[in-house]
Structure formats: C-alpha cells, structure tokens
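K.L.:
how does the following fold in three dimensions:
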Amino acid sequence: MLQRNTTGLLEDAGCGPVLPSESAMAKPLRQQIFERVRAAGQTPRIDVAKDLGISPGSVTQLTSELIAHGLIVEAETPHESSTRGRPPVALAVAPGAGYVVGLKLGDFTHSAVIVDFAGNPFSECEAQSMSQKHDLEGLVAEAKHLFDKLVAEAGLSTADISAVGVGLAGIVDHEAGLVPWSPLLTERNVPLRDRLSETLKLPVFIDNDANVLTLAELWFGAGRNKQSFAVVTIEYGVGMGLVLDNRLYRGSGGLGLELGHTKVQLDGALCRCGNRGCLEAYVADYALVREARIALDMKSEQFGPVHVLLETLYDQAKAGNERARTIFRRAGRYLSVALSNVVHLFDPSLIILSGERMRYDYLYAEEVLSEMGTLTLDKGRPGPEIDINFWGGFVWARGAAALALSAVTDDVFGDAWAET
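P.N.:
Sure, this is the predicted structure:
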C-alpha cells in the first residue's frame with residue numbers, strides 16, 4: 001500500500017509526471033527543461049541534460065533564459081557539514097512566478113486551492129453548496145463567492161492569479177468548455193467555462209471531476225511514476241479517469257470513461273441520470289442511503305444528512321447488523337464487476353480507488369478484490385496494483401489546479417518564445 005499524507009497525496013518532491021512520454025518530447029525544449037525541473041523539485045543541470053539527452057551547454061544556455069524570465073531559480077542543495085567547498089547548485093521552479101486556482105464544485109460542498117507554479121499549495125478553503133441543483137447563474141455565483149473568499153484569505157488579488165481550473169460531476173466537454181449534462185445543473189449544454197471566465201475575468205478550464213482527480217494523481221500522487229493507470233472514484237456519484245502515456249484520456253466529447261453509468265443490471269435500480277441499472281445506482285452515496293432507509297427501518301423525519309446516514313449504516317454493519325452488511329456486500333460485488341471490466345478494457349498497471357466512501361472497507365475488502373480477480377481473464381498474470389485513497393475535497397481541487405497549471409505552462413512557453 002502506498003504512503004500518503006494528510007491531503008491524500010504522496011509525500012514527494014516536485015510535481016507533474018516523472019516518466020518521459022512522446023507528448024512531452026514534442027514540446028519546446030525550454031518547456032521540457034522547465035517541466036523536468038518542476039517534476040524533480042530540485043535538480044542539478046547535469047541531471048537535466050542526462051534525462052533529456054541533450055548537452056550540458058544547451059541546458060546552461062536555456063536555463064539562463066528561464067532564470068532571466070523569473071521561471072526558475074538556483075538553489076543550494078543540502079550537504080553534510082564535513083563536505084568541503086561550495087555546496088552544489090540545483091535548479092528549482094520559482095514559486096513566485098505565478099499562481100493558479102483549482103475549484104471542485106460538489107453536490108454538498110465546494111472546495112478550492114491556490115497553488116504556485118512549482119505546484120506547492122498556497123491556500124485552501126471550503127464553502128457549503130446552497131443547493132444540490134443549480135441553474136447556470138446560481139452555480140457561477142457560488143463559484144465566484146468561493147474564489148473571492150479564497151483569494152482574499154490568501155492575501156492576494158485577482159491580478160495575482162493566472163488561471164482557474166474547475167472540476168464538476170457529469171459530462172464535460174473540456175475542449176468546448178460546455179457541460180452537456182451534470183447532476184449539479186438544472187440545464188443542459190451549459191457554457192460554463194465562458195460564463196465563469198467572464199465573471200472571474202480570468203482564463204478558465206473545466207473538466208469532469210474524475211478527470212481532475214486523475215490529474216491530481218498524475219501530478220502529485222501515485223500516478224507520477226506510472227505511464228498508464230486508472231482512477232475509480234466513489235462518492236455521491238461514481239466516476240473514472242484514465243491516463244495513457246502520461247496523458248489524460250478524455251474521449252471524443254467528454255463521454256468517455258463514465259464508469260458509473262455503465263450498466264450492471266438491465267431494468268435495474270433508477271440512477272440519477274434517468275436510466276436504470278447503472279453501476280452508480282448500486283454503489284454511490286445515494287444508492288447506499290436508499291437501501292439504508294429500508295434496512296434500518298428509518299422514517300422520513302429520521303433521514304438527516306447523507307453523511308450521517310452513511311456513518312450510521314457503516315456503524316451498524318461493523319456492529320453485526322446483517323442487513324447493513326448485506327448492503328455493503330452487494331455494493332462491493334457490483335464494484336468488483338466494474339473493476340474487472342476496467343482491467344479487460346484497459347489493462348492498467350495501477351487502479352486507484354478514491355473518494356470519501358473508500359473509508360468503508362467493505363468496498364475494497366479482500367472478498368471484493370478476490371472476486372475482481374476471479375472475473376478477470378489471464379489468471380496466470382499478476383493483476384493490477386490496487387491503491388486506496390479515501391481523502392476528500394482538496395485533492396480534487398488540487399487536480400483542478402493542475403488542469404490550470406498545465407494550460408498556463410503551455411501558454412507561457414507558446415507566447416514567450418517561438419521555436420524554430
């Protein structure tokens with residue numbers, strides 16, 4: 001099992017993918033050097049030259065330009081006091097080069113972070129959602145309120161922010177900036193990116209929340225050293241993100257990898273998308289709550305908040321309530337079917353199970369993972385590594401910040417220098 005810190009991410013220096021990829025090699029050389037330094041946290045010039053397969057002289061020349069532009073700095077590396085001579089000099093991203101904001105818009109809570117250009121978290125905050133369903137203007141107003149609160153508490157201004165990344169549940173067309181459908185919105189085909197950009201007066205980039213969580217793993221977490229991996233999220237909904245060759249796979253129009261809306265039971269339970277038999281309708285929060293109200297014989301006035309009901313259900317299961325245990329066992333079985341399908345379709349080296357509901361160990365019990373293996377072909381081969389990450393909203397917001405940081409980095413090197 002991988003060691004994570006209190007944010008749900010790994011304790012490690014630097015941010016961004018560590019392994020080389022074909023897409024990274026197609027970028028301008030200055031950008032490759034910058035991203036190599038950022039991924040390492042601190043690294044000497046000679047290591048950059050070795051990693052990229054270029055001459056030390058080229059690295060020296062190009063890093064001088066990056067230093068002149070205020071994008072990287074020289075930093076003394078730690079050394080033993082007995083070492084003679086000048087400490088070795090390493091390169092690091094200049095944190096003050098700029099900031100981006102990441103927003104995760106949720107059913108009940110919105111979260112936000114500011115990170116600097118080195119990927120370090122600078123400030124974070126949360127706000128309660130006023131409703132589970134919004135029209136466009138209502139959701140934009142809540143996003144602006146959270147943004148203003150975050151920036152003010154950080155002691156910054158809008159002028160200090162380079163861009164904003166946003167993640168939310170549903171079908172999100174990242175390229176067009178549209179939201180064809182989201183459980184958070186009462187309308188369809190909503191131009192969320194442009195409306196937020198107009199309101200915040202900043203460049204805005206939007207994506208499905210499972211995708212931004214996958215970016216968090218690619219930039220800050222267990223996926224940094226993996227060229228291909230999958231993330232399955234279980235909270236109020238069920239989502240999935242996929243990285244292939246160090247790049248997030250989105251599909252042609254934002255509909256790819258909607259694992260929660262794959263069908264596990266024809267004419268089955270009603271899903272919040274309006275269809276029946278979706279995985280989400282058996283595994284997500286609202287599905288467990290629906291079953292809990294029946295199993296625990298709770299009257300409507302006893303329902304209370306979703307998280308309270310779920311905690312009650314879990315406590316009852318742990319205490320030996322067979323009806324409560326059956327609910328989790330059934331959810332775990334449906335999850336094992338979904339995970340075996342992920343392995344058959346994509347054969348990832350790593351599957352990360354993430355989201356607050358992963359606190360409930362019934363969903364990743366030995367029986368669940370064993371059944372996943374039983375349902376998967378090629379039993380003679382080792383299955384994918386499984387990692388559990390049950391931390392909450394700020395990890396998602398960090399992923400949204402990575403979305404913005406990636407776009408800003410491309411923009412900086414596209415505008416600052418013209419490669420010939």
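K.L.:
run a quick neighbour tally on the closest residue to V101 other than its chain neighbours.
P.N.:
The shortest distance from V101 to any non-neighbouring residue, by CB to CB, 6 or more residues apart in numbering, is to V164 (4.6 Å). From N, CA and C alone the C-beta is placed, and that goes for glycine too. Counted with other CB atoms under 10 Å, residues neighbouring V164 total 26.
K.L.:
contacting residues around the helix or strand of the chain with the lowest mean pLDDT?
P.N.:
Every helix and strand of the chain was ranked by mean pLDDT, DSSP states H and E. The lowest is helix 22-25, at a mean of 76. The contact list for helix 22-25, computed with CB atoms under 8 Å, 6 or more residues apart in numbering, reads P17, Q32, E35, D245, N246, R247.
K.L.:
put the buried members of those into a PyMOL selection.
P.N.:
Buried subset of those, written as a PyMOL selection, criterion 16 or more other CB atoms under 10 Å:
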select buried, resi 17+32+35+246+247
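K.L.:
in a markdown table: the contacts of helix 22-25, plus pLDDT.
P.N.:
Formatted as a markdown table, the contacts of helix 22-25 follow (pLDDT from 0 to 100):
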| residue | pLDDT |
| --- | --- |
| P17 | 91 |
| Q32 | 95 |
| E35 | 95 |
| D245 | 87 |
| N246 | 87 |
| R247 | 90 |
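K.L.:
between the contacts of helix 22-25, which is nearest N225?
P.N.:
Nearest to N225 among the contacts of helix 22-25, counting by CB to CB, is P17 at 8.5 Å.
K.L.:
doesn't N246 make contact with that closest one?
P.N.:
Yes - P17 is within contact range of N246, at 4.4 Å (criterion: CB atoms under 8 Å).
K.L.:
which neighbours do the two share?
P.N.:
A24, L218.
K.L.:
quick check: pLDDT value at the residue positioned nearest the centre of the chain.
P.N.:
Central residue of the chain (CA atoms, centre = their mean): L213, 1.3 Å from the mean position. Listed pLDDT for L213 reads 94.
K.L.:
tell me where the protein has helices.
P.N.:
22-25, 29-40, 45-52, 56-68, 136-153, 192-200, 209-220, 280-283, 285-295, 306-318, 322-346, 366-374, 393-416 (DSSP state H).
K.L.:
out of those, which gets nearest to E175?
P.N.:
helix 192-200 (9.8 Å).
K.L.:
list the buried residues in that closest one.
P.N.:
L192, R193, R195, L196, S197, L200.
K.L.:
got a list of contacts for that helix?
P.N.:
136-137, 139-140, 143-144, 147, 158, 164, 166, 168, 177-179, 203-206.
K.L.:
using CSV, write down the CA coordinates of the least confident helix or strand of the chain.
P.N.:
Backbone C-alpha positions of helix 22-25 (Å, rounded to 0.1, in the frame of the first residue of the first chain) are rendered in CSV as follows:
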residue,chain,number,x,y,z
GLU,A,22,6.1,11.1,-26.6
SER,A,23,3.8,14.1,-25.9
ALA,A,24,6.4,15.6,-23.6
MET,A,25,9.2,15.2,-26.1
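K.L.:
follow-up on the earlier one: any quick PyMOL command for the buried ones out of the contacts of helix 192-200?
P.N.:
Command for PyMOL that selects the buried part of the contacts of helix 192-200, burial taken from 16+ other CB under 10 Å:
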select buried, resi 136+139+140+143+147+164+166+168+177+178+179+203+204+205+206
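K.L.:
low-confidence ranges, the protein, go.
P.N.:
1-12, 77-87, 253-256, 298-303, 379, 391-393, 415-420 (pLDDT under 70).
K.L.:
from R357, how far out is Y334?
P.N.:
In this view, Y334 and R357 are 13 Å apart by CB to CB, to the nearest Å.
K.L.:
show me what contacts V89?
P.N.:
P44, E74, A75, E76, T77.
K.L.:
now distance to L105 and neighbour count too, for those, in CSV please.
P.N.:
Shown next, in CSV, are the contacts of V89 (distance: CB to CB, whole Å; neighbours: other CB atoms under 10 Å):
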residue, distance to L105, neighbour count
P44, 41, 16
E74, 40, 12
A75, 37, 16
E76, 42, 11
T77, 41, 12
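K.L.:
next step: those restricted to strands.
P.N.:
Those of the contacts of V89 mapping onto strands are E74, A75, E76, per DSSP state E.
K.L.:
would you mind measuring from the nearest residue in space to G383 that is not next to it in sequence to I386?
P.N.:
Setting aside the residues directly before and after it, G383 is nearest to G373 in space (CB to CB, 6+ apart), at 5.6 Å. Going from G373 to I386 by CB to CB gives 10 Å.
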